[in-house]
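Peer 1: build me a model:
(one chain, ligands or ions: 1)
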Amino acid sequence: MKTLLSDLLDLSRPVVMGVLNSTPDSFSDGGRFLNLDAALKHAEKMHREGAKIIDVGGESTRPGAEPVTEIEELERVVPIVEGIAKRFDLVVSLDSSTPAVMREAVGVGAKLINDVRALTRPGALQQAAELDVPVCIMHMQGKPQTMQARPIYHDVVNEVLGFLRQRVAELNAAGIANEQILIDPGFGFGKSLQHNLQLLKHLTRFKVLTLPILVGISRKSMLGAITGRAVDERLPASLAAATLAVFQGANIVRAHDVAETVDAIKIAVEVSGVD
Ligand code: 8Y4
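Peer 2: The predicted model follows:
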């Protein structure tokens, strides 16, 4: 089952990870089929627009969202992962923290595990090591339900960096090599606006770990807090943030609006680097 990140993706240039909208399906088989069909159409659009990765998740980590059972998560995610992996030449990323979902999704074609809980759930680290697929570990303070209540840091950049450094060591100890690890500061996950801005402003500091950097800022509330825009009006702000992240060395941008983000990234790439 082993897949090397370097064989999966060319990260010599930044790439876009498209976010697959996963509306919870109804209980009927009809509803599930419609959901799969809509998901495949959305995946096809993002593929056409230049996404190299599609992130498929079955759990909402938005503050206040109700937790999903393992069965529900499996039922939502596995058919979609399988359908996309079969049809399109791209990397299917599994957005999950649940070992059984990791195992089943990788079994049907997921090539990357994107875990907002950084493999901290019981059995997740061992499962990911055994599957030997690349993993993205993200920083989060607290738990999704309550993380935005009162996020506190002495120095957010140093603390997030310290967490990721320690977690990388723990992954290494479990048998996951650096070559298989991506890092993510976790914008919006237990962070105030000022914390998120500090992280974006100082994103280059994360280069010290010499691992690929993934960022997810698209449409997030930090952009709403600055612009006063509703979630469906945050595309310009999302592109500005993606541009700033790539200019500072982000390797993967998780985004809802793939075509626009691909263009924005091209500008950042051309103005980045030494000469
Ligand atoms: C509008 C749209 C408002 C989306 C909020 C949101 C990240 C992630 C998420 C991230 C990685 C989200 C699964 C939250 N964010 N994975 N996942 N990094 N690696 N919220 O930043 O998109 S879900």
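Peer 1: ramachandran angles for the closest residue to the ligand within the stretch 101-250 of the chain?
Peer 2: Residue of the stretch 101-250 of the chain nearest the ligand, by C-beta to the nearest ligand atom: residue 216 (2.3 Å). Every C-beta, even on glycine, is put in place using the N, C-alpha and C of the backbone. With angles defined as degrees, to the nearest 10, residue 216 sits at phi -130, psi 100.
Peer 1: now it, nearest residue through space, not along the chain?
Peer 2: In space, residue 216 comes closest to residue 254 once its chain neighbours are excluded; the distance is 3.8 Å by C-beta to C-beta, 6 or more residues apart in numbering.
Peer 1: which SS state does the one you found fall under?
Peer 2: Assigned with DSSP: H, G, I helix; E, B strand; the rest coil, residue 254 falls in the strand class.
Peer 1: what's opposite it in the beta bridge?
Peer 2: Here residue 254 sits in beta bridges with residue 17, residue 216, as judged by DSSP bridges.
Peer 1: would you confirm that the residue of the stretch 101-250 of the chain closest to the ligand contacts residue 187?
Peer 2: Yes - at 5.9 Å, residue 216 and residue 187 qualify as touching, with contact defined as C-beta atoms under 8 Å.
Peer 1: so those two - more neighbours on which side?
Peer 2: The residue with more neighbours, out of residue 216 and residue 187, is residue 216; 27 against 24, by other C-beta atoms under 10 Å.
Peer 1: wait, what's in contact with the more buried one?
Peer 2: Residue 216 sits next to 184, 186-188, 253-255 when contact means C-beta atoms under 8 Å, 6 or more residues apart in numbering.
Peer 1: for it, give me the pLDDT.
Peer 2: Per-residue pLDDT puts residue 216 at 98.
Peer 1: which residues of the stretch 151-275 of the chain lie near the ligand?
Peer 2: Taking C-beta under 6 Å from any ligand atom as the contact definition, the stretch 151-275 of the chain meets the ligand at 184, 186-187, 214, 216, 219-221, 231, 254.
Peer 1: among those residues, name the ones in strands.
Peer 2: 184, 214, 216, 254 (DSSP state E).
Peer 1: list the contacts for the last one?
Peer 2: In this structure, residue 254 makes contact with 16-17, 19, 55, 214-216, 218, judged by C-beta under 8 Å, 6+ apart.
Peer 1: what do you get if the cut-off is 7 Å, keeping everything else the same?
Peer 2: The contact partners of residue 254, taken as C-beta atoms under 7 Å, 6 or more residues apart in numbering, are 17, 19, 55, 214-216, 218.
Peer 1: then the first one?
Peer 2: For residue 184, the residues meeting the contact criterion (C-beta under 7 Å, 6+ apart) are 136-139, 214-216.
Peer 1: contact partners of stretch 40-47?
Peer 2: Under C-beta under 7 Å, 6+ apart, the answer for stretch 40-47 is 18, 20-21, 54, 83-84, 87-88, 90, 258.
Peer 1: in stretch 85-95, what's buried?
Peer 2: By neighbour count on 16 or more other C-beta atoms under 10 Å, the buried set for stretch 85-95 is 85, 88, 90-95.
Peer 1: filter the contacts of stretch 40-47 down to just the buried residues.
Peer 2: 18, 20, 54, 83-84, 88, 90, 258.
Peer 1: this completes my enquiry, with thanks.
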